[in-house]
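S.K.: Need coordinates for the below:
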Amino acid sequence: MEAKTAAKKKAKTTKKKQVAPPVITAPPPASEECAKSAVLRKEVHESLEEIKKADILVGIPSYNNGSTIGHVARAVQAGLAKYFPDMRSVLVNSDGGSTDNTVCAFQDAVVEDFNSLFIPHRVSPLMKINTPYHGIPGKGSAFRTIFEIAKELDVKACVVVDSDLRSITPEWIDLLLSPILKEGFDFVAPYYLRHKFDGTITNSIVYPVTRALYGKQIRQPIGGDFGFTGELAKFYLKDESVWESDIARFGVDIWMTTTAVANGFKVCQSFLGAKIHAAKEPSSDLSDMLREVVGVLFDLMAKYEDKWSEVEGSEPTEMYGFRYEVGLEPIHVDIERMIDKFVLGREELGSIWQAALPAELIWYLHSLEPSPWQEFRLPADMWADIIYNFAIAYHNTDVNKTHLLKSLTPLYLARVASFINEALNANADEVEKILEDACLKFEEKKAYLAENWDR
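M.R.: A predicted model of the protein is given here:
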């Protein structure tokens, strides 16, 4: 009783102050050996020895996100304090060598009157670790560090959130953790409301292919913000080869989702509202990201052929949280520029396309008229044929895989331009109907993929 009274008095005396949780900063490693694993580095190891064990880990991978990471860190702290006050939590910023004020912004992030958010019987304050990641530059290398720390601390549940989020709220932490800690799920994928012209790689390729292959309707398989068990984090670490591959760049999100689904982990989605971040106009240079994401998607198709070859159709994935309508920021699109890039690709990439596509598809692509641009269409059934034939060529032929995947960019832009024309005046429900019809085309044509996979 005396201890509780003392704790209450202490909370009152600090109520008007901004009190930051302990910050543990790890400088760069001193040797190549230590660079291979974050937890082997002396400074990080000492920090983990001090913490010993935790219930929850929240990871924030970052690279030059000084203007946003402070908001993200404060939202995370508030969410942990409000929804999981009796659990021991660790916040990890895995930074990729930022040259702006990202590291300082993370270290300095506090919630006003932070102590009052923690009820007196809280086990311990939130602890923060700021550590650089190493290896291939990219998000996957940052995630490896987060997985390693989660394993070392033997946490029950993990959350990873993007560092450029402007729409994150404390409720996101509850929505990504509660399905794991309270409902027994292993992996929580995000479900956002996004502008109809945002997330075009997801909408045109990743969602319909993943859904058709593995039979689970996970709307944002590369959303970037996930919840997962500590045991799944350990499972992710078992495949050492991924950290020297494209997965360590842009492919980690689809790898995480596919690995969870294909290996029978219990998966759900959580409705997070709007995702507002540094969105890119669809015709901007996404060639490298498209190449790496699609390359990982195709590599996973080979790895899990025995899983997807027996799946027919798809089923909804359980949804956690309350769905509501939100306002979304507009995105500028330049349809004519997309079509121009498609026409240029058609002129310059014919030999590579011929290695991937049957003659009738090549003929069809050359028959498409670029003007008037408002009437330009590349239908969903033809698009499914293109993607599946590229996957088959990637798996079977000797063509340079990097060149093959890069040659997909103008075709992707043609499909995006077609979708924008179709959805230009459509409301949110009508857009989802357009996307649903496209997904069904991928499911219908999956038999073609299976029949020609090992040709």
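S.K.: Which pLDDT value does the model give V39?
M.R.: For V39, the model assigns a pLDDT of 62.
S.K.: Give the closest residue to the residue positioned nearest the centre of the chain in space, chain neighbours not counted.
M.R.: By Cα atoms, centre = their mean, the chain has its centre lying nearest to G224, at 2.4 Å. Nearest residue to G224 in three dimensions, chain neighbours excluded: D162, at 4.5 Å (Cβ to Cβ, 6 or more residues apart in numbering). C-betas here are computed from N, CA, C, even on glycine.
S.K.: what's near enough to touch the one you found?
M.R.: I60, P61, V72, G224, D225, H277 (Cβ atoms under 8 Å, 6 or more residues apart in numbering).
S.K.: now with 7 Å?
M.R.: G224, D225, H277 (Cβ atoms under 7 Å, 6 or more residues apart in numbering).
S.K.: tell me the SS of it?
M.R.: Following DSSP: H, G, I helix; E, B strand; the rest coil, D162 is assigned to coil.
S.K.: confidence score at it?
M.R.: At D162, pLDDT is 90.
S.K.: hang on, the earlier thing: and which of the contacts of D162 is nearest to A302?
M.R.: The closest of those to A302 turns out to be G224 (Cβ to Cβ; 24.7 Å).
S.K.: Quick check: that closest one touching D253?
M.R.: Yes. Taking contacts as Cβ atoms under 7 Å, G224 lies within contact range of D253: 6.0 Å.
S.K.: Can you tell me which of the contacts of D162 is closest to K266?
M.R.: Nearest to K266, judged by Cβ to Cβ, of the contacts of D162 is D225 at 18.6 Å.
S.K.: What distance do you get for the closest one to V76?
M.R.: 11 Å (Cβ to Cβ, to the nearest Å).
S.K.: Ok, G223 next?
M.R.: Taken as Cβ to Cβ, the span from G223 to V76 is 17 Å.
S.K.: Of those two, which one has the most company?
M.R.: V76 (25 against 21; other Cβ atoms under 10 Å).
S.K.: Can you give me every residue that contacts that one?
M.R.: V58, L91, V161, I173.
S.K.: related to what we said a few turns ago, which one of the contacts of D162 is nearest A423?
M.R.: H277 (21.2 Å).
S.K.: just checking, that closest one touches L165?
M.R.: Yes. The pair H277 / L165 is scored as a contact, 5.4 Å apart, by Cβ under 7 Å.
S.K.: So between the two, which is more surrounded?
M.R.: More crowded of H277 and L165, by other Cβ under 10 Å: L165, with 23 against 19.
S.K.: where are the low-confidence patches of the chain?
M.R.: 1-43, 110-140, 248-249, 278-285, 325-328 (pLDDT under 70).
S.K.: all strands of it, in order?
M.R.: 23-25, 56-62, 89-95, 127-132, 157-160, 187-193, 216-217, 226-229, 267-274, 315-316, 319-320 (DSSP state E).
S.K.: Quick one: the ones you listed as a markdown table, columns for distance to N452 and mean neighbour count too.
M.R.: Listed next are these as a markdown table, based on distance: least, Cβ to Cβ, whole Å; neighbours: other Cβ atoms under 10 Å:
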| stretch | distance to N452 | mean neighbour count |
| --- | --- | --- |
| strand 23-25 | 53 | 17 |
| strand 56-62 | 38 | 27 |
| strand 89-95 | 41 | 27 |
| strand 127-132 | 45 | 24 |
| strand 157-160 | 36 | 28 |
| strand 187-193 | 30 | 24 |
| strand 216-217 | 24 | 18 |
| strand 226-229 | 33 | 26 |
| strand 267-274 | 29 | 21 |
| strand 315-316 | 25 | 10 |
| strand 319-320 | 35 | 16 |
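S.K.: No further questions, thank you.
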